[in-house]
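Novice: A predicted structure for the sequence below; I have some questions about it.
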Amino acid sequence: MLQRQSTLFLPTLREDPADAEAVSHKLLVRAGLIRQVGAGLWTYLPAGWRVHENVVQIVREEMNAIGGQEMSMPVLTPAELWKLSGRYDKFDSLMKIRDASERDFVLAATHEETITFHARELRSYRDLPKILYHFQTKEREEARPRGGLIRVREFVMKDAYSFDRDEAGLDRSFLAHKGAYERIFQRCGLETVAVQAESGMMGGSESLDFLAPSGSGENTLVTCERGDYAADLEIARGVPRAPELPEALAAPTEVETPGIETCESLAGFLGIDLAATSKAMPVVADGKVVLALVRGDDRLDDAKLAAVLGAPVRPAQVEEIREAFGAEPGSLGPVRFTGEVVVDETLREGQFVAGANRTGYHLRGVQHGRDFHGVVADIRLAREGDRCPNCGGALTFRTAIEVGHIFKLGTFYSVPFDATYLDEQSVEHPMQMGSYGIGPGRVLAAIVEQSHDERGIVWPASVAPYDAHVLSLAGGSDEVAALADALADELSDAGREVLLDDRDARPGEKFADADLLGVPLRVTVGKRSLEDDAVDVRHRTDTDDARVARASVIDWAGTG
């Protein structure tokens, strides 16, 4: 295939977009690959869509290799399906619409409900296992879109769904997808780490996140310096330093703390270690006020807490706090609180200072199990300085982009949808399901984050918009133009996807655009080529040209 740049819609820019922070956002816009229509809404221009579809094709090939069957499901989904799963009122970013007949619909953010609706036609053990997948547009009510393609409101997602007769079958499907994903990202030239993650609104018992370390992103990858631990920050476990605890007391002792509303000011007022205080975090889950308790030097991890409670959480409002505790925020604690308490495991042992549930007062010597009882769980957010829970090594924290996520759904959807099968003895069982997602746009952005230099994008050959970029420095010479045309045709006939820069533009502009676009191979034809029948060639990762005979270009390109 040969594309002339003079006819290609490729509006490159010399300056970064004013609102761009992520490298991928800057370079994808400057290279003429994407354009913004509105907040979180992006158009892929022709060259950008070619990259997107190259990623899609890699995903398709690897999905087919593990037995996946491609299909297509609609974006517009009857609300009844989402109400049946219970997610209609719980999925915060769900886009809902109503048609002229007052019927409610969902613009699908994901397709578990729809695929389970179809899976009800799998009635026998002979029909299982199955892997079904599609590429489809998703819509999400993203409150803070940012980072170009990193956080958007509309995007294409590959969803795959597995259906098995038992948990052993689900385990096999899960591992097959894990292997397929690792091959996909390797083929895309992308460094990723598979980590344990929170399942969230998808449901189910287990999930793996594929995180691509990057300069920008919405996730944090937590790894041990010794290589034996990796997790998404939302689920990461870290071991904090030991606190310096005051002398133990036989019972809690009340102390007046006028105007003290933060753990930092409380520790300073009492002259104690911040880690010897407790931070009261009242939240609302399923309509009830719950007290979450973490160390004073820690932050609450909402995702972990939601997993413990089995429901989404939100911060309690001031009026809700006053009604539940009888005190103002800043003086809250677990002693004499009659609601549910979830206490971080760092507060399981020892005594600490907590609010007295009396405005302007705190309690010294509060001890879990003696003075109050609560559910003990890991609900703190891991942080810099923590040690590895496996070996005690130092944990490192890196910004990352989530490019894939796989879930063991179990019977979360099959039970409410009555998606069952009959075994050999005609006994009915719910199907075991898995869900597996990859966002090609996120993959594209992550590749740029990891693969660029000061001149522009450096595309891996597997996903590049074109294989070779031929620059015609004709300078008004019909002979040079004809030579460049002929060379581009030869490369195309040899099976290469070729972009021919035949524009009437200065050499410097052509070189700058070529570096910005990042095509792996570059061939430059100029007036000197008429004299020595040779051309300048360069790999995008090189800094200097090499001079090769025109007749050897095809061989050179074949090894590039």
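Specialist: That came through, no problem.
Novice: shaky segments in this protein?
Specialist: 199-205, 559-560 (pLDDT under 70).
Novice: Tell me where it has helices.
Specialist: 23-30, 46-65, 79-85, 112-119, 167-187, 263-270, 302-309, 318-325, 440-450, 478-493, 507-517, 528-532, 553-558 (DSSP state H).
Novice: Relative to residue 501, which of those helices is closest?
Specialist: helix 507-517 (5.2 Å; C-beta to C-beta). In this view, the C-beta of every residue, glycine as well, is placed from N, C-alpha and C.
Novice: packing partners for the closest one?
Specialist: Other elements packing on helix 507-517 under the criterion 3 or more C-beta pairs under 8 Å, 6 or more residues apart in numbering; DSSP states H and E are strand 456-457, strand 468-472, strand 498-501.
Novice: Let me have the ones you listed in a markdown table, adding mean neighbour count and distance to residue 341 as columns.
Specialist: Shown next, in a markdown table, are the helices and strands packed on helix 507-517 (neighbours: other C-beta atoms under 10 Å; distance: least, C-beta to C-beta, whole Å):
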| stretch | mean neighbour count | distance to residue 341 |
| --- | --- | --- |
| strand 456-457 | 23 | 52 |
| strand 468-472 | 27 | 63 |
| strand 498-501 | 26 | 63 |
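Novice: what's the closest non-adjacent residue to the most centrally placed residue in the chain?
Specialist: Central residue of the chain (C-alpha atoms, centre = their mean): residue 402, 2.2 Å from the mean position. Using C-beta to C-beta, 6 or more residues apart in numbering and skipping the chain neighbours, the partner closest in space to residue 402 is residue 219 (5.0 Å).
Novice: so the one you found makes contact with residue 404?
Specialist: No - counting by C-beta atoms under 8 Å, residue 219 sits too far from residue 404 to count as a contact (11.7 Å).
Novice: Looking at those two, which one has more neighbours?
Specialist: residue 404 (27 against 22; other C-beta atoms under 10 Å).
Novice: which residues sit in contact with the more buried one?
Specialist: 181, 184-185, 192, 209-210, 436-439 (C-beta atoms under 8 Å, 6 or more residues apart in numbering).
Novice: hmm, try it at 6 Å
Specialist: 181, 210, 438 (C-beta atoms under 6 Å, 6 or more residues apart in numbering).
Novice: quick one: it and residue 383, what's the gap?
Specialist: 26 Å (C-beta to C-beta, to the nearest Å).
Novice: now do residue 544
Specialist: For residue 544 relative to residue 383 (C-beta to C-beta), the value is 45 Å.
Novice: Those two: which is more packed in?
Specialist: residue 383 (16 against 6).
Novice: Got phi/psi on that one?
Specialist: phi -150, psi 170 (degrees, to the nearest 10).
Novice: will you turn the helices of the chain into TSV that also has distance to residue 368 and mean neighbour count?
Specialist: Formatted as TSV, the helices of the chain follow (distance: least, C-beta to C-beta, whole Å; neighbours: other C-beta atoms under 10 Å):
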stretch	distance to residue 368	mean neighbour count
helix 23-30	46	24
helix 46-65	48	19
helix 79-85	37	18
helix 112-119	39	22
helix 167-187	35	18
helix 263-270	17	17
helix 302-309	15	20
helix 318-325	18	16
helix 440-450	42	27
helix 478-493	71	17
helix 507-517	59	18
helix 528-532	80	13
helix 553-558	69	16
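Novice: Distance to residue 396 added to these, as JSON lines?
Specialist: Shown next, in JSON lines, are the helices of the chain (distance: least, C-beta to C-beta, whole Å):
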{"stretch": "helix 23-30", "distance to residue 396": "21"}
{"stretch": "helix 46-65", "distance to residue 396": "28"}
{"stretch": "helix 79-85", "distance to residue 396": "38"}
{"stretch": "helix 112-119", "distance to residue 396": "34"}
{"stretch": "helix 167-187", "distance to residue 396": "21"}
{"stretch": "helix 263-270", "distance to residue 396": "26"}
{"stretch": "helix 302-309", "distance to residue 396": "20"}
{"stretch": "helix 318-325", "distance to residue 396": "37"}
{"stretch": "helix 440-450", "distance to residue 396": "17"}
{"stretch": "helix 478-493", "distance to residue 396": "44"}
{"stretch": "helix 507-517", "distance to residue 396": "32"}
{"stretch": "helix 528-532", "distance to residue 396": "51"}
{"stretch": "helix 553-558", "distance to residue 396": "40"}
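Novice: how about those helices, which one is nearest residue 353?
Specialist: Here helix 263-270 is closest among the helices of the chain (C-beta to C-beta), at 6.5 Å.
Novice: Report the spatially closest residue to residue 433, excluding sequence-adjacent ones.
Specialist: Nearest one to residue 433, counting by C-beta to C-beta, 6+ apart, is residue 409 at 4.2 Å.
Novice: And for residue 165?
Specialist: residue 128 (4.9 Å).
Novice: now the spatially closest residue to residue 293 that is not a sequence neighbour: how far from residue 366?
Specialist: Counting by C-beta to C-beta, 6+ apart, the nearest residue to residue 293 once its immediate chain neighbours are dropped is residue 343, at 4.5 Å. Residue 343 is 10 Å from residue 366, where distance means C-beta to C-beta.
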